[in-house]
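In: only geometry, no sequence info:
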DNA sequence: GACAGTTTTAGACCAGCGGTCTAATTCCGT
DNA sequence: ACGGAATTAGACCGCTGGTCTAAAACTGTC
């Protein structure tokens, strides 16, 4: 289902063959990975692709659309990793969190393997303009998180004393926060520690979402 | 203690009188609040201040320094709200979290009262370039958080199975996340709900930091 | 008061930005 | 071979943050 976002590549572009699409997407990816979104120069991408402004704007409505297409190419192969909210319908709380831990581990693994994907996605963490450029994708992802949490709530795995949208916000931001920590400290981490640490860090995501009756802590 | 950051205003500027400082800071604040950091136009600020490029660059090394000075003016009155790590030295876990909850409530209140301060700080949430412009301030704030968490750890209020820097990152990002949620939903919130909700939301910050022995949850 | 040296000031200027637009060219159905 | 549509090149636009020159204002010394 093609998005009607103003930042999608024009339909024409998708009709091009893969090698011709790569003509733009390869230099664009390199530029975005190297400089992020705002600091990336569209003129440089065009020059590096050996293309002209006219042709480029014929296929893309602007810099944002090029970023969208660049990200899309890397995101597409990941679609299979996500599970649907329906798969979580009949499950007990322990199973729910187990499934989420598994998904989290899989995504972590993918990010470690694909540094380019990781760099592109991390651009989204950092730059508001980049988020706006792919706001459709982002809204879809946010909706999926909220769907998963709603499913978790319906089986008693997720607290219901705070708005779901707040929980989804926090969940997403904790994910980002932990990912960023690992990205920043990956080099100085002894081999093997990373996996163990990553597993323990999952509790940073889980505990704030748990029903607070199960999670009293030292405060009344 | 003046910072040696390349983005501080030059010493000359601080020697100017308050009304003359406001000549730049008022238009700058308006521009940054309206457009954020990157989208703010230095040329517009200068024109709006009725100043010249030369004079402006005489007092500020660039746009970042102007942003720094703008933020500093709003942040200065808040210094008294923070407590020192030492004040947390001899305290039990319940007291530690109580003190943090109080601080959090105070800061929340301030943000509600001072919309300009809130908008400026939220620029920091969103724009990496803005963060870089005041990296000194940010590093100091991060260090204070880590200090507070270290104090909490020494009295058994904070978990020690994950690196302190990771906990500090997550704590800061959860703070930001929750603040952003309230900023986004403040309008559609019934009066009075906000305070209660905000109090409950504090658990989003606390629970991931608690020792996990006190916080087993449904997963082994 | 005259001069010299420093500090302050104005604003022209720079390269580069994302995006628009015109005009030439290529393509394609008839 | 023609005509209209799709495609393409790149000049051009207003704007950006930042640099630089040269004039003006200020300061201390005779």
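Out: The structure has been received and is ready for your questions. A quick note: this is a predicted structure, and the numbers were derived from the prediction, not measured.
In: residue in chain A nearest to DNA strand D?
Out: Nearest to DNA strand D, among the residues of chain A, is residue A:54, at 1.8 Å (CB to the nearest atom of the strand). All C-beta atoms are positioned from the backbone trio N, CA, C, and that covers glycine.
In: Identify all contacting residues around the helix or strand that contains that residue.
Out: Taking DSSP states H and E as the criterion, residue A:54 maps to helix A:53-59. The set of residues external to helix A:53-59 that reach it, using CB atoms under 8 Å, 6 or more residues apart in numbering or on different chains, is A:9-10, A:12-13, A:16, A:24, A:42, A:46, A:49, A:66.
In: Compute the number of surrounding residues for the residue of chain A closest to DNA strand D.
Out: By other CB atoms under 10 Å in any protein chain shown, 8 other residues sit near residue A:54.
In: And for the one 5 residues further on?
Out: Residue crowding around residue A:59 was assessed by other CB under 10 Å; the count is 22.
In: how about the nearest residue to it, chain neighbours excluded?
Out: residue A:13 (4.1 Å; CB to CB, 6 or more residues apart in numbering or on different chains).
In: do the same with residue A:49
Out: Nearest to residue A:49 is residue A:27, by CB to CB, 6+ apart, at 4.7 Å.
In: who touches the one you found in this structure?
Out: Neighbouring residues of residue A:27 by CB under 8 Å, 6+ apart: A:45, A:48-49.
In: can you list the contacts of helix A:53-59 in TSV and add neighbour count?
Out: TSV is the format used below for these (neighbours: other CB atoms under 10 Å in any protein chain shown):
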residue	neighbour count
A:9	21
A:10	14
A:12	10
A:13	18
A:16	14
A:24	24
A:42	18
A:46	20
A:49	18
A:66	29
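In: Span of stretch A:38-57 from start to end?
Out: 18 Å (CA to CA, to the nearest Å).
In: Same check on stretch A:48-63?
Out: End-to-end for stretch A:48-63, by CA to CA: 15 Å.
In: buried ones in it?
Out: A:49, A:51, A:56, A:59-61, A:63 (16 or more other CB atoms under 10 Å in any protein chain shown).
In: Widest-spaced pair of these?
Out: Pairwise distances across these (CB to CB) peak at 16.8 Å, for the pair A:49 and A:61.
In: helices and strands around the helix or strand harbouring residue A:98, which ones?
Out: Assigned by DSSP H and E, residue A:98 belongs to helix A:93-113. Here helix A:93-113 touches helix A:115-126, helix A:135-154, helix A:164-185, helix A:193-206, going by 3 or more CB pairs under 8 Å, 6 or more residues apart in numbering or on different chains; DSSP states H and E.
In: quick one, domains of chain A?
Out: What automatic domain parsing lists as the domains of chain A is A:11-74, A:82-212.
In: Can you tell me which of the contacts of residue A:27 is nearest DNA strand C?
Out: Taking these together and measuring to DNA strand C by CB to the nearest atom of the strand, the closest member is residue A:45, at 7.8 Å.
In: For DNA strand D, tell me whether the host helix or strand of that closest one is touching it.
Out: If you go by DSSP H and E, residue A:45 is part of helix A:42-49. No. Helix A:42-49 stays clear of DNA strand D (CB under 7 Å from any atom of the strand), getting no nearer than 8.4 Å.
In: what does that helix contact?
Out: Applying CB under 8 Å, 6+ apart, the set of residues contacting helix A:42-49 from outside is A:23-24, A:26-28, A:30-31, A:52-53, A:56, A:62-63, A:66.
In: From those, which land in helices?
Out: Of those, the ones assigned to helices by DSSP state H are A:23-24, A:26-28, A:30-31, A:53, A:56, A:63, A:66.
In: circling back: near DNA strand C, from the contacts of helix A:42-49?
Out: Here is what survives when the contacts of helix A:42-49 are matched to DNA strand C using CB under 7 Å from any atom of the strand: A:53, A:62-63.
In: any idea whether residue A:12 is helix, strand or coil?
Out: The three-state assignment at residue A:12 reads helix, by DSSP: H, G, I helix; E, B strand; the rest coil.
In: which residues touch it?
Out: Going by CB under 8 Å, 6+ apart, residue A:12 touches A:58-59.
In: next one: residue A:110
Out: Neighbouring residues of residue A:110 by CB under 8 Å, 6+ apart: A:78, A:81, A:117.
In: Filter the residues you listed down to the buried ones.
Out: Counted by 16+ other CB under 10 Å, these give residue A:117 as buried.
In: Make JSON lines from the contacts of residue A:110 and add pLDDT and distance to chain B to it.
Out: As requested, these are exported to JSON lines (pLDDT from 0 to 100; distance: CB to the nearest CB, whole Å):
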{"residue": "A:78", "pLDDT": "91", "distance to chain B": "23"}
{"residue": "A:81", "pLDDT": "85", "distance to chain B": "21"}
{"residue": "A:117", "pLDDT": "95", "distance to chain B": "19"}
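In: how about the contacts of residue A:110 in CSV, adding distance to residue B:94?
Out: Formatted as CSV, the contacts of residue A:110 follow (distance: CB to CB, whole Å):
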residue, distance to residue B:94
A:78, 44
A:81, 42
A:117, 44
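In: from the contacts of residue A:110, which is closest to DNA strand C?
Out: The shortest approach to DNA strand C among the contacts of residue A:110 belongs to residue A:117, at 21.9 Å (CB to the nearest atom of the strand).
In: The closest residue to that closest one other than its chain neighbours sits in which helix or strand?
Out: Nearest residue to residue A:117, sequence neighbours excluded (CB to CB, 6+ apart): residue A:74, at 4.5 Å. Element membership for residue A:74, per DSSP H and E: helix A:63-75.
In: quick one: that helix to helix A:115-126, angle?
Out: With axes from the mean of the first three to the mean of the last three CA atoms, to 10 degrees applied, the angle from helix A:63-75 to helix A:115-126 works out at 130 degrees.
In: Tell me the helices and strands packed up against helix A:63-75.
Out: Using 3+ CB pairs under 8 Å, 6+ apart: helix A:63-75 touches helix A:18-35, helix A:42-49, helix A:115-126, helix A:128-133, helix A:135-154.
In: So, low pLDDT: which residues of chain A?
Out: Scanning chain A with the threshold set as pLDDT under 70 gives A:1-6, A:85, A:214-220.
In: No more questions from me, cheers.
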